[in-house]
Structure formats: structure tokens, C-alpha cells
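> here is a sequence together with a model predicted from it:
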Amino acid sequence: MEKASELADALLGQGLTARILICDFEDTAEIDKLLVEVFEIWPTGPWAVINNAGFGVPGAIEDVGGQLAQQQMMINVLAPAQVIRGVLASMRARGNGRIINISSISGRLAPPFMGWYSASKFALEALSDSLRVEVRDFGISVVLIEPSGFASSIWPNSLRLMPVDADSGPYSRAYSKARKITNSNFPEPTPVAKIVRIALESPQPKARYPIGKGTGLIPILRLLPARWLDAVMEINMGLRKPPRILNSLFARIKRG
């Protein structure tokens, strides 16, 4: 409720208004209720949907319990899919529409100790790739936005989900490094908002919009042999020093 009030006030300050609906995306019944409210406001259905709700579960695969893993997949994958199913019929009937799914650079490469978050974003990317082809003939475009690190509440909030033995368990060194990354001064997410606007306004939007530092190297990194890519991930996490031959590569990654 507090964030909804802040949003309403911010819009009012710009001379704008919006109907703000609140939903618990862990609850399928709540999502169905939200969809009913949406169609009460717009009987013909929304022209565009932006799936941005999400959170990140940190931790080694071993340390993340089943319930938390299910929450990760529900909020980041199954809830957006439920929203999409709820609006597709109206978009198809109208003959146009746009679905924008906010993914992540972690939907293309899976960093260590973020396996469940990456699993959810990989799944969202797969769902989007399939859906894009399925609905193209109905005039509906499906777009993926793939940001790298930007200022957001998602990572500070994730720290409270760290394993209870994060400071003393077998992965304590990695968790210490992860905290430093999480506490870094990320840039404001304004470029992401601009890309969303481009994806909304473009007559023929791209399938993917990578945005942020390091995203330009993703196609190259995906071509590396698995052992090399594993080493890149370890070095990027500060768990291994790079050999001299890779110093220039990491300098490029840091420069973006």
C-alpha cells in the first residue's frame, strides 16, 4: 500500500493520474481477481502488459529450500504466465497487443549462487520465445527486456533471504563476495524505463532488448566452452584470480 501511495503521489506531481490495483502474485486467486478488475476498467482488455513483478532468491542450490524455490518460480514465471493467459483472448479479438516481460542478464547466463533466480528468468525467456511465435499471426508482439545491474530494491531485499549459516557455512566466502556486489552503487534504472517505452512505441519491436553494463558480451560468453564460462563466472564473483590472458576481457566487461 505504501508503494502504491508513493506512485500515486509521484504521478499527481506530474499532473497525471492512474488506477492502481494491488495484487499478491503468490496467490493465483488474487491474480484472477486482478484480471477481473482490469476488465471492469477496460472491457476490451489492455493493449499492453508489462510483467515486472519479481524477486531474487540468493544462495547455493543446496541452501535454498523447496518452499522458497517454489515462491521464486511462482512470482517470476507462473504469475506472469497467468496474467498473459488472462489477456491474450482480448488481444487476439482486437487483432493487436503487446506483452513485455522484464527478464535479466541472468536469464541468458546463470551466475553461481543465483541459480534459482536464473532458473526463473531462463524459464521466463523460454516461455516468451515460444509465445512470441505462437501469437505473432494475431498481431501480438512479445518482447523481453534484459537488464544487467541497476538500482532496485530487489537485491537489498534479497539479503534477508540469505541462508542462516551464510557467515559460517561452506559457502561463506562466496556469500561475503555476494554481499559486496549487492551493496554496490548501481546506476539508476532510467535507461530500462526508456527501453520499455521504446518497446511499447516501436511498430516492430525487437524480440530482446539487453540493457546495461556487460550485456554486449553475452553472445560471446555464451559461445565459450563450459569450463571457460565457469572460470569467467568464478573470476567475476571474485572467487578466482584471472589469468593474464583474461585480464583484457574482464576490463572490457567492467567498462560495459
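Nice, I can see it.
> mind listing what T17 touches?
8, 11 (C-beta atoms under 8 Å, 6 or more residues apart in numbering). Using the backbone N, CA and C atoms, a C-beta is placed for each residue, glycine as well.
> quick one, strands of the stretch 51-200 of the chain?
All strands of the stretch 51-200 of the chain, identified by DSSP state E, counting those that start in this stretch, fall at 97-102, 140-147.
> quick one: low-confidence ranges for the stretch 51-200 of the chain?
180-184 (pLDDT under 70).
> can I get the strands of the stretch 51-200 of the chain in TSV with mean neighbour count?
Compiled in TSV, those are given as follows (neighbours: other C-beta atoms under 10 Å):
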stretch	mean neighbour count
strand 97-102	23
strand 140-147	23
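> CSV for the ones you listed, including distance to R108?
Putting the strands of the stretch 51-200 of the chain into CSV (distance: least, C-beta to C-beta, whole Å) gives the following:
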stretch, distance to R108
strand 97-102, 14
strand 140-147, 7
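> so which helix or strand takes in A4?
Here A4, judged by DSSP states H and E, is contained in helix 2-13.
> one more: L229?
Assigned by DSSP H and E, L229 belongs to helix 226-236.
> show me what that helix is packed against.
Helices and strands touching helix 226-236, by 3 or more C-beta pairs under 8 Å, 6 or more residues apart in numbering; DSSP states H and E, are helix 244-255.
> excluding sequence neighbours, find me the nearest residue to I105.
Using C-beta to C-beta, 6 or more residues apart in numbering and skipping residues adjacent in sequence, the residue nearest I105 is S148, 4.5 Å away.
> number of nearby residues for the one you found?
Neighbours of S148 under the rule other C-beta atoms under 10 Å: 19.
> same check, this time on K177
Based on other C-beta under 10 Å, the number of other residues close to K177 is 16.
> and what of P191?
P191: 13 neighbours (other C-beta under 10 Å).
> what distance do you get for it to I100?
To I100, P191 is 15 Å away according to C-beta to C-beta, to the nearest Å.
> which residues touch the residue nearest the centre of the chain?
The structure's the chain has its C-alpha centroid closest to S103; by C-alpha atoms, centre = their mean the separation is 3.3 Å. Shown in contact with S103 (C-beta under 8 Å, 6+ apart): 121, 124-125, 128, 144-146.
> please apply the same query to I75.
Neighbour list for I75: 25-26, 53-55, 120 [criterion: C-beta under 8 Å, 6+ apart].
> of these, which is the most crowded?
Each of those was scored for neighbours by other C-beta under 10 Å, and S120 scores highest at 28 neighbours.
> just give the nearest non-adjacent residue to that residue, would you?
N76 (3.6 Å).
> in this structure K241 contacts I235, no?
Yes - between K241 and I235 there is a contact under C-beta atoms under 8 Å: 7.2 Å.
> of the two, which one has the most company?
A count of neighbours by other C-beta under 10 Å puts I235 above the other of K241 and I235, at 18 against 10.
> list the contacts of the closest residue to A48 other than its chain neighbours.
Closest residue in space to A48, ignoring its immediate chain neighbours: R98 at 4.3 Å, by C-beta to C-beta, 6+ apart. R98 sits next to 47-49, 140-143, 199-200, 205 when contact means C-beta under 8 Å, 6+ apart.
> can you redo those residues as JSON lines with distance to L12?
Formatted as JSON lines, the contacts of R98 follow (distance: C-beta to C-beta, whole Å):
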{"residue": "W47", "distance to L12": "24"}
{"residue": "A48", "distance to L12": "23"}
{"residue": "V49", "distance to L12": "24"}
{"residue": "I140", "distance to L12": "33"}
{"residue": "S141", "distance to L12": "31"}
{"residue": "V142", "distance to L12": "33"}
{"residue": "V143", "distance to L12": "29"}
{"residue": "A199", "distance to L12": "26"}
{"residue": "L200", "distance to L12": "22"}
{"residue": "P205", "distance to L12": "30"}
